[in-house]
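Engineer: Predicted model follows, preceded by the sequence.
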Amino acid sequence: DLPQALALSHQAEAAFQACQQPLRVTSVKINRVATLRNMGRYAEAIDLAAEARAEYQALGDPRPDFLANLEVNVAWALWQTGDIGAAAQCYERAGRTYENLGQQWAAAVTYMDRAILAEEQACFATAEDLLGQARAILAAEDLAKERAHVDLNLGILAFKTGRLQAALHHLELAYHELESQQLAHAVATVNHYRAQVYLQLNLAQEAIRLAHQARQSFKRDRRAGMLLLSHLNLASGYRQLGQLTTAHDYLNRARRLARRLAAAPTLNEIDTERARLALDQRLPGRARRIARQVLKRLKPLEQPTLALDLRLIEAQSDLMSGRWQRASQALQTITQAAPTALTPALRLQLAWLQAELQTSQAAYVEALAAYENAAQQLLWQHEQLISDETGLDFLADKTGILAGMRRCSHMLATTGRFSLTQLATKLELALELPAAASSPSSPAQPNGQMVALQQRWHWLQNRLESPFTLLDDTARRELDPEQLRQELRQVEMELAELHRRQQAGTLVNTPARATSAPTPAPERPDPGTAVLHFYQVDDQCQALLISATGSQLFSGLASTRFISQWQRAWRLHLDQISQFGDGPAERASATAYLQMLHDKLLAPILAAQPDMARWQLVLPPEWHDLPLAAAFDGDQYLCERHVLCYGQSLQPVPPFAGGALTGPALLVGHSDGGRLPHVAVELQAIARCLNRPDTTV
């Protein structure tokens, strides 16, 4: 009862003044600052804190812990009024006092509070450094549980700034420490965040496993809010695997929880996901109906980005239903929306739908131009924003755009208005060699200013869209979403200008980047190259071998269950090495694992092509950590016998539903994290590069 506590505080102050006990009077005022802060009366708390500080200093600093508590309480109030600089100074003074008093845990907490303030000011390196200092203090005091808590915060900060692999590293550290102490409640929280990162990496099976573990703990502990988020993680994971019915079931569970918790914004977002899932299920009527229901619930100017997303779903539903006029009107309405409400993902979706509309009306020239516009936006994101080390998000978004470009190009070629030879440069996107796949197309590397802007962009996106937050972030101010969107747009404009200057050669890089060797231009496949493309069909791993002598299909190499179990065992093996070292037993185990992989996946293929000197491996995204290059046959590693390079995942599919393609062709599709293949492409340029114009698959 805060009002009663405030009244009692005034009575206690009067009593101590009557007894002439100035230190007690000051201590009562310090406690009242905390009460006013908790009541949201921040201005009064700040004024009273200044008065209490002056009185305390006049007494000669008899109780430093009193002053430290005052600094912490007034820092919170200053934070809420927007004076972040003054709040940081208060936390810094409190931290020094706690360290002098030997209260290391309290000092570490002030470092974490300062890290949150630094994050809000976009000083991400400073925030990470402060969290690192807090971690060092806790490690010195042997406070393992609290140190794991800081690791969790470091992982979340890395995720929010777009560094997925770093996030996974910190989250794994937190997980192992908390699991060793059998803290099931905290382990479930870490597993929830790990699942979220794995989803971003398109490792759906691993994400689902972790989300199920977290869900069981949340359900047992009756943590309804976290249970809702775990349902959403599971829905996303099953959607990535193409198990749409299961994904729909978990979305419905999340929806029931959101209604029970009266979480209206979350309910709107869940229903939007249900509409997207209906599109995946080829149910445009259901998708449009759900989108209309959510739009009716939204108040004017409420969740404007979500409203535009729903209108895009409506437009896509109309396109799938053949209602082109209504789809065209919807897209025009979206185009006229406020620029700040259109996030990069929505702008990309809008460009793609405009191209699809042109294609449906047989305006192939205009459609091809629209697809190229969408591709340029996608390449902009890939080049200027931080992407994870595997580039899987970029790979996922590319699918529909490349499909449309090739479809339009084929239609133009059959009418004599477009030559397939002009597709040679476009097709480099389909089979990229390492130099092109591992780095942006720009020869210059980002400088420090660009990296800072990239991290700021990811952080703003997370504030607008993501449930990720620092766990100690109890005092975070609610920022105006429109202000965040405007800042996001401004950051994008600054990134574009920096990128333009970098391309023009007028931007000076940091010395470390400037001295690095230039990236060599990717070479095209030659007659000595074999393209070895692994893919999955009906829970079985298959491989397509394309070489200058023709093509060959290898089916039934291994089950997807075997691959999944092998990956899990290999990751456990690497984890054991990191903990216990690489001794003779570990090396023998590694040799056995690698030989098993060689015998299952590579031995039949290498027997068919024993003299091939160069292999281009094309793998599904979820195989990104499969060590095929290190596969061991008992004598040599594969990388010692062949020149290896990695392309992007393409999956053979049946002929294009619109009719058989004419002429020599290679029909391929795209498999992203287990999603159903949905692309038919004419890649005659690949056959031409292999000097086999009659190659047909």
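Structural biologist: Happy to help now that I have it. Since the model is a prediction, treat every value here as computed from it, not as a measurement.
Engineer: Ala54: how many residues sit nearby?
Structural biologist: By other CB atoms under 10 Å, 10 other residues sit near Ala54. (Glycine included, C-beta is placed from N, CA and C.)
Engineer: can you map out the strands along this protein?
Structural biologist: 529-537, 540-547, 550-559, 614-618, 643-646, 667-668, 681-682 (DSSP state E).
Engineer: Would you list the strands that the third one pairs with, along with their directions?
Structural biologist: Read that as strand 550-559. Strand 550-559 sits in its sheet next to strand 540-547 (antiparallel), going by DSSP bridges.
Engineer: just checking, Asn248 touches Leu277?
Structural biologist: Actually, residue 248 is His. It isn't Asn. Yes. Counting by CB atoms under 8 Å, His248 does reach Leu277; the two are 5.8 Å apart.
Engineer: Identify the contacts common to these two.
Structural biologist: Counting by CB atoms under 8 Å, 6 or more residues apart in numbering, the contacts common to His248 and Leu277 are Ala235.
Engineer: Next one: the closest residue to Ala370 other than its chain neighbours from Thr333, what distance?
Structural biologist: Distances taken as CB to CB, 6 or more residues apart in numbering place Ala355 nearest to Ala370, at 3.5 Å, with adjacent residues excluded. In this view, Ala355 and Thr333 are 18 Å apart by CB to CB, to the nearest Å.
Engineer: And for Arg41?
Structural biologist: In terms of CB to CB, Arg41 sits 45 Å off from Thr333.
Engineer: Compare these two (neighbour count), which wins?
Structural biologist: Per other CB under 10 Å, whichever of Arg41 and Thr333 has more neighbours is Arg41, with 16 against 13.
Engineer: What is the neighbour count of the nearest residue to Arg253 once chain neighbours are set aside?
Structural biologist: Closest residue in space to Arg253, ignoring its immediate chain neighbours: His231 at 4.8 Å, by CB to CB, 6+ apart. Around His231 there are 24 other residues, counting by other CB under 10 Å.
Engineer: who's in contact with the residue nearest to Arg147 when sequence neighbours are not counted?
Structural biologist: In this structure, Arg147 finds its nearest non-sequential neighbour in Leu138, 4.3 Å apart by CB to CB, 6+ apart. Shown in contact with Leu138 (CB under 8 Å, 6+ apart): 104-105, 108, 146-147, 150.
Engineer: mind checking how far Leu138 is from Ser180?
Structural biologist: For Leu138 relative to Ser180 (CB to CB), the value is 16 Å.
Engineer: go on, Gln565?
Structural biologist: For Gln565, the distance to Ser180 - CB to CB - is 25 Å.
Engineer: again with Ala608
Structural biologist: Counting by CB to CB, the gap from Ala608 to Ser180 is 48 Å.
Engineer: can you count the residues close to the residue nearest to Ser230 when sequence neighbours are not counted?
Structural biologist: Nearest residue to Ser230, sequence neighbours excluded (CB to CB, 6+ apart): Arg215, at 4.0 Å. Residues lying near Arg215 (other CB under 10 Å) number 23.
Engineer: and what of Gly242?
Structural biologist: Gly242 has 17 nearby residues by other CB under 10 Å.
Engineer: which residues of the stretch 401-550 of the chain score low on pLDDT?
Structural biologist: Counting by pLDDT under 70, the ranges of the stretch 401-550 of the chain that qualify are 401-448, 450, 458, 461-482, 496-530, 535-538, 547-550.
Engineer: could you redo the last one with a cut-off of 80?
Structural biologist: 401-540, 542-550 (pLDDT under 80).
Engineer: List phi and psi for Thr81.
Structural biologist: phi -90, psi 0 (degrees, to the nearest 10).
Engineer: and it, how many neighbours?
Structural biologist: Thr81 sits with 14 neighbouring residues when counted by other CB under 10 Å.
Engineer: Verify the stated contact: it with Ile46.
Structural biologist: Yes. Judged on CB under 8 Å, Thr81 makes contact with Ile46 at a distance of 7.2 Å.
Engineer: domain parsing for this structure?
Structural biologist: 272-338, 448-471+480-514, 529-689 (automatic domain parsing).
Engineer: so what's the residue nearest to Ser230 up against?
Structural biologist: Arg215 neighbours (CB under 8 Å, 6+ apart): 227, 230-231, 234.
Engineer: Tell me the one of those residues nearest Arg286?
Structural biologist: His231 (19.9 Å; CB to CB).
Engineer: hang on, the closest one packs against Arg256?
Structural biologist: No. In this structure His231 lies outside contact range of Arg256 using CB under 8 Å: 9.2 Å.
Engineer: any low-confidence regions in the stretch 51-200 of the chain?
Structural biologist: 55-62, 67, 79-82, 121-122, 162-165, 200.
Engineer: let's see it at 50
Structural biologist: Filtered on pLDDT under 50, the stretch 51-200 of the chain yields no residues whatsoever.
Engineer: Going by residue numbers, what spans are helices in it?
Structural biologist: Using DSSP state H, counting those that start in this stretch, the helices of the stretch 51-200 of the chain run over residues 64-80, 84-101, 104-120, 124-140, 144-160, 164-180, 184-200.
Engineer: right, and those helices - which one's nearest Gln20?
Structural biologist: Closest to Gln20 of the helices of the stretch 51-200 of the chain, according to CB to CB: helix 64-80, at 18.5 Å.
Engineer: Pull the closest one out as CSV, backbone CA atoms only.
Structural biologist: The C-alpha trace of helix 64-80 is given here as CSV (Å, rounded to 0.1, in the frame of the first residue of the first chain):
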residue,chain,number,x,y,z
PRO,A,64,27.8,5.2,2.6
ASP,A,65,25.3,2.4,1.9
PHE,A,66,22.4,4.9,2.5
LEU,A,67,23.8,7.2,-0.2
ALA,A,68,24.3,4.3,-2.6
ASN,A,69,20.7,3.2,-2.2
LEU,A,70,19.6,6.8,-2.8
GLU,A,71,21.7,7.0,-6.0
VAL,A,72,20.1,3.8,-7.3
ASN,A,73,16.5,5.0,-6.6
VAL,A,74,17.0,8.5,-8.1
ALA,A,75,18.7,6.9,-11.1
TRP,A,76,15.5,5.0,-11.9
ALA,A,77,13.4,8.2,-11.6
LEU,A,78,15.9,10.2,-13.8
TRP,A,79,15.7,7.4,-16.4
GLN,A,80,11.9,7.6,-16.6
